Structure formats: C-alpha cells, structure tokens
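Trainee: A predicted structure for the sequence below; I have some questions about it.
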Amino acid sequence: MYRTIGELKFSISSIKNSYLNCEFIYHSISRMKNFVFKLIVVLGSFIITPCSYAQNCKVLDKDLVGTYTGDCKNGKAEGVGKAVGTNTYEGEFKLGYPDGVGMYTDVKGNSYKGSFKKGKREGDGVAVVMNEKGEPTTVKGFWKKDKYIGEFEYVYKITNKTFMVSSATVVAEPANPVPTIEVNIESVTGGSVDLHGDIPKPTLTETIFLSGSYQNMNTITSQQKRNTYILQNLIYPASIIFKIGSEEVQVNFNEKKNYKLTIVLRS
C-alpha cells in the first residue's frame, strides 16, 4: 500500500519495518551495554580479590614474615608472590614456603637466584655473596638441602649403556697432577679356556669425546680376564662414549679427578 504526498511516494509497510528494525537495534545495544558492564564488574573482582586476599596468606619462613602479595591457597602462599620480612623472596611458593624458582635476598645483601624446595635451596642456581668490604663474589652450581655441592650436580654420571653391557661402574679418586681415566673391560667368559681354546677378551674399539679431550692412551693387555686402557692428561668436563664392538657405554665425567671405569659384558 502506497501513499503519495506531492512527489513523494512511500510504503506504510516499509515504515513499519524500519521502526521494528530500529527498535531491535535499540534493545540489542541496551543488552550489550548491560553485558559489558557486568563483564567489567566480574573482571574487576578477579583482579582485586586475589591481591586483597593474598595479604592474609601465611608465609612460613620466619625470615620472610612481614608483608606478602601474590597468589594464595588455603590461607598459605601458593603460586607466584613476593614476601618481605627481615629477608626478601620473590618467586614461586608452595604451602607457604619458597618452592620452585625464585630469588632470595638476605639483610646483608647476599642473594640466591635459582631452585628451591620446601624453603631450602635445591638444584641449580647462582649465589652472590658479599664480603666484609661489600664486594660481591658469584658462585654458580648446584645446591642440595641448602648446601652448595659444587659446580656440577654429579661428579660423574653414566648416561647410557647397551643391552650386552652387564654392568658399568665408576670410582672417583682425588686427581694426581696428571688426570687420568682408567678403563677396564672384561666379560663373564673372556680370558677363559674352552674346548676350542682361549676365549678372547673384549677390547675397546673406539673412544668418542663429545666434550673434553685427552692427550694419550696406554693399553695393558697382559691381564688374564681384562684389558685396561689408561687415558691421560684429561680436560674436564668430558662426555665420552666407549665402544666395545657394537656395544657402548657413555659417561659424563664432570670434576677434575682420577676415575676408574669398569665395564663387564655379558657372555
């Protein structure tokens, strides 16, 4: 149905549709405003609540008791936070104690950045220790039960041995002026005699240095049950693969010491 006013022709139904569209848009905008407002309120509560709640969290390290800001669970510091007492700690917490990765600074300015477990230094980290003159000394390495154990977590570590290697053992001794690694290789039957004659002893066929180096190697084959190889003038840390034919043993030697490695093959 059309109406004409002068030269203007228009549809009454089109006016109704336009009105309904405008009304729909108006209500949609209103609903969106309400949604945005509610969203802001909810997000605000999430932002504000942890901070205000965290103030009531307990920190169980007596030297960190004072103020705490951060994550909280069951009334104790848990997650990421910062505690300031006599000393200061910022990092990960668990059950009220530093646990995970963080940085601890005491009242004298000594600091430690690294791993913690139940409030104690545990694992790798870097400590900065101040002397009486206020000069810093940096110590890198590993801690166990809050005590420094050295630059490496292990003096040595056997990282791999193939199936036909029955056992591989290492003994570490204080290093002489010339650091050495003595490698003894034997098998259950090697060096024995059977109906066919002497059973050959296993031999070291190759040494592969993934890190470190050595200058020379002496071989001792006069023993009945084993062959011995002595690597001299080692540079540590050294990661070495010892190959006995198709079998192999890999060992990481970290500290400057004399080592005795004994490899026993299955028969």
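Mentor: Thanks, I have it. Numbers count the residues shown, from 1 in each chain.
Trainee: and the helices in this structure?
Mentor: Remark: helices assigned in the chain by DSSP state H are 12-54.
Trainee: pLDDT below threshold where in it?
Mentor: By pLDDT under 70, the weakly predicted segments of the chain are 1-55, 189-198.
Trainee: ok, which stretches of the stretch 51-200 of the chain are strands?
Mentor: 67-73, 76-84, 88-94, 97-105, 111-117, 120-130, 136-144, 147-150, 156-161, 165-174, 180-187, 193-194, 197-198 (DSSP state E, counting those that start in this stretch).
Trainee: can you list the ones you listed in a markdown table and add distance to residue 231 and mean neighbour count?
Mentor: For glycine as for every other residue, the C-beta is placed from the backbone atoms N, C-alpha and C. Listed next are the strands of the stretch 51-200 of the chain as a markdown table, based on distance: least, CB to CB, whole Å; neighbours: other CB atoms under 10 Å:
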| stretch | distance to residue 231 | mean neighbour count |
| --- | --- | --- |
| strand 67-73 | 52 | 18 |
| strand 76-84 | 48 | 20 |
| strand 88-94 | 43 | 21 |
| strand 97-105 | 38 | 20 |
| strand 111-117 | 34 | 20 |
| strand 120-130 | 28 | 16 |
| strand 136-144 | 26 | 14 |
| strand 147-150 | 22 | 13 |
| strand 156-161 | 14 | 15 |
| strand 165-174 | 13 | 13 |
| strand 180-187 | 4 | 22 |
| strand 193-194 | 31 | 8 |
| strand 197-198 | 27 | 9 |
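Trainee: what sits against the closest residue to residue 226 other than its chain neighbours?
Mentor: Closest residue to residue 226 in three dimensions, ignoring its sequence neighbours and counting by CB to CB, 6 or more residues apart in numbering: residue 186, at 3.8 Å. Applying CB atoms under 8 Å, 6 or more residues apart in numbering, we find residue 186 in contact with 201-202, 225-227, 262-265.
Trainee: same thing but 7 Å
Mentor: Applying CB atoms under 7 Å, 6 or more residues apart in numbering, we find residue 186 in contact with 201-202, 225-226, 264.
Trainee: turn the strands of the stretch 51-200 of the chain into JSON lines, including distance to residue 247.
Mentor: Output for those, formatted as JSON lines (distance: least, CB to CB, whole Å):
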{"stretch": "strand 67-73", "distance to residue 247": "51"}
{"stretch": "strand 76-84", "distance to residue 247": "48"}
{"stretch": "strand 88-94", "distance to residue 247": "43"}
{"stretch": "strand 97-105", "distance to residue 247": "40"}
{"stretch": "strand 111-117", "distance to residue 247": "36"}
{"stretch": "strand 120-130", "distance to residue 247": "33"}
{"stretch": "strand 136-144", "distance to residue 247": "31"}
{"stretch": "strand 147-150", "distance to residue 247": "31"}
{"stretch": "strand 156-161", "distance to residue 247": "8"}
{"stretch": "strand 165-174", "distance to residue 247": "6"}
{"stretch": "strand 180-187", "distance to residue 247": "10"}
{"stretch": "strand 193-194", "distance to residue 247": "21"}
{"stretch": "strand 197-198", "distance to residue 247": "21"}
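Trainee: pull out the buried residues from the contacts of residue 186.
Mentor: 201-202, 226, 264 (16 or more other CB atoms under 10 Å).
Trainee: just the ones of the residues you listed in strands?
Mentor: Of the buried ones among the contacts of residue 186, the ones assigned to strands by DSSP state E are 226, 264.
Trainee: how about the buried ones among the contacts of residue 186 in CSV, adding distance to residue 145?
Mentor: Compiled in CSV, the buried ones among the contacts of residue 186 are given as follows (distance: CB to CB, whole Å):
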residue, distance to residue 145
201, 44
202, 41
226, 39
264, 34
